[in-house]
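> Below are the sequence and a predicted model; questions follow.
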Amino acid sequence: MIAHDASGGIALRDAHGCAVSANAFTIMGSDALNIGPKSGRITVTGNNFSNSYIGEDKTRRSANDQAAGGMVLDGTSGITVVGNLFSGLRPKALAVKGDPSKNVVFADNVLIDVTSDHKKLDGSLVKDNLEDR
């Protein structure tokens, strides 16, 4: 579990061939996972990116403290994002920044109560994601 860190979670600035798997990224004050332009060939699977939801439309945080960072792709390539849960994140589940990221597979993820840039991934495979607002 990687939780309650105002400065963010994992930043892959110059990484290749890594797997980010089976983590709970909860209430990250900034990016829970940031994959930068010098990184590639990264697999992201089976993670839970979330806020402090406790059921019945309630969270453990106050109304003015709802930041919960998601994932950032910043001009990277060769990325697989499959089988993750993105829920209750602010500002976005997936933010696409910098130069276009390419050769990204974003598939079979569940997105609940979030906005996401995954539809901006050109030259990539984006399919079979379950979205619920």
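On my side now, so go ahead.
> and the residue lying farthest from the centre of the chain, what pLDDT?
Most distant residue from the mean C-alpha position of the chain: Glu56, 23.7 Å away (CA atoms, centre = their mean). Per-residue pLDDT puts Glu56 at 79.
> Over to Arg13?
Per-residue pLDDT puts Arg13 at 95.
> Next: Arg41.
Arg41 is given a pLDDT of 98.
> And what about it, helix, strand or coil?
Look at Arg41: counting by DSSP: H, G, I helix; E, B strand; the rest coil, its state is strand.
> Residues contacting stretch 13-33, please?
Identification of contacts with stretch 13-33 by CB atoms under 8 Å, 6 or more residues apart in numbering yields 1-12, 35-36, 38-52, 61, 67-72, 95. Just so you know, the C-beta spots here come from the backbone N, C-alpha and C atoms, and that holds for glycine as well.
> what's the answer for stretch 101-112, then?
Contacts of stretch 101-112 (CB under 8 Å, 6+ apart): 73-88, 93-94, 118, 121-133.
> try 6 Å this time
Applying CB atoms under 6 Å, 6 or more residues apart in numbering, the external contacts of stretch 101-112 come out as 73, 76-87, 93, 118, 121, 123-132.
> Filter those down to just the buried residues.
Buried members of the contacts of stretch 101-112, counted by 16 or more other CB atoms under 10 Å: 73, 76-82, 84-87, 93, 118, 121, 124, 126, 129.
> Now intersect the contacts of stretch 101-112 with the strands, please.
In this view, the contacts of stretch 101-112 that belong to strands under DSSP state E are 73, 77-82, 85-87, 125-127, 130-132.
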